[in-house]
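Engineer: Build the 3D model from these lines:
(one chain, ligands or ions: 1)
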Amino acid sequence: MPEASGGHRIIPFLEKVDADLIELVRQEGCRYCPEGKLHRSDYKRKPRGVPSWPDEPRRFSLCCDQEGCRRRHTAPSVRFLGRRVYGGVVAVLFPAMVHGWKPKRVEQLRKALGLKVDRLTLERWRQWWRGLFVESSFWKEARARFMPPLCPADPPLSLCLRFEIEERRDRLLELLKFLSPMTTPEAWKELTA
Ligand SMILES: [Zn+2]
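Structural biologist: Predicted coordinates for the structure are as follows:
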């Protein structure tokens, strides 16, 4: 896991993880028709809740090649959590959530991602975690799998502690992968107000 605070390296790294995830979906072929082969059909996605993203990142996506089907397939992502939250931002954001919004942490965030992330943005994300995320069926199902149960029960702090992301930075990727099922469009519907 590259050091997140050392520039923009975390973003290309997470992009590679996403490329692997989409490749797995591509190999499966079309879910809706037996003949369908899947081709890359990426699209640009401006993440909401991030005021100054440098370049519009591409969400990796696939399209069936059969006339009359052409259904889109989207893989789980460690970068995109629906339209609003960017995985790379979340990765760097988790430690900040553990330690609270100290100015030094916010500054580290800004440097790591080249973003202007202000307190208001951070506060909105925090509210999302404590509101829609906690209520989601993804979380209700996922939290039951932790043994012993998460303590404290509230994400994202509980997840940060359980995945030990402060002690071992490589665990961030495991955490993002754990969260990735909720990034598909179907799962995301209930996570957006
Ligand atoms: Zn198809």
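
Engineer: C-alpha from now on. contacts and neighbour counts both.
Structural biologist: Fine.

Engineer: Give the next helix or strand downstream of the longest helix along the chain.
Structural biologist: As assigned by DSSP state H, the longest helix anywhere in the chain is helix 10-28. Downstream of helix 10-28, the first helix or strand assigned by DSSP states H and E is strand 38-40.

Engineer: what sits up against that next one?
Structural biologist: Defining contact as CA atoms under 8 Å, 6 or more residues apart in numbering, one finds that strand 38-40 is touched by 26-27, 29-30, 60-65.

Engineer: what's the answer for stretch 65-75, then?
Structural biologist: Taking CA under 8 Å, 6+ apart as the rule, stretch 65-75 contacts 21-22, 25, 30, 32-33, 35-39, 60-64, 184-185.

Engineer: and if we set it to 7 Å?
Structural biologist: If you take CA atoms under 7 Å, 6 or more residues apart in numbering as the criterion, stretch 65-75 is touched by 21-22, 25, 36-39, 61-64, 184.

Engineer: If we check the ion, which of those residues are in contact?
Structural biologist: By CA under 5 Å from the ion, the members of the contacts of stretch 65-75 lying near the ion are 36, 64.

Engineer: Would you show me how to pick out the buried ones of the contacts of strand 38-40 in ChimeraX?
Structural biologist: Buried subset of the contacts of strand 38-40, written as a ChimeraX selection, criterion 16 or more other CA atoms under 10 Å:
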select :26,29,30,60,61,62,63,64,65
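
Engineer: what is the mean pLDDT for stretch 64-82?
Structural biologist: The average of the pLDDT scores along stretch 64-82 is 85.

Engineer: Could you list the buried residues of it?
Structural biologist: Neighbour count says stretch 64-82 has 64-65, 70-82 buried, by 16+ other CA under 10 Å.

Engineer: now, which of those lie within strands?
Structural biologist: In this view, these that belong to strands under DSSP state E are 64, 72-73, 80-81.

Engineer: just curious, which of those is nearest to the ion?
Structural biologist: Using CA to the ion, C64 comes nearest to the ion of those, at 4.5 Å.

Engineer: show me what contacts the closest one?
Structural biologist: 30, 36-39, 70-72.

Engineer: Residue numbers of the protein in contact with the ion?
Structural biologist: 30, 32-33, 36, 64, 69.

Engineer: hmm, try it at 8 Å
Structural biologist: 29-38, 63-66, 68-71 (CA under 8 Å from the ion).
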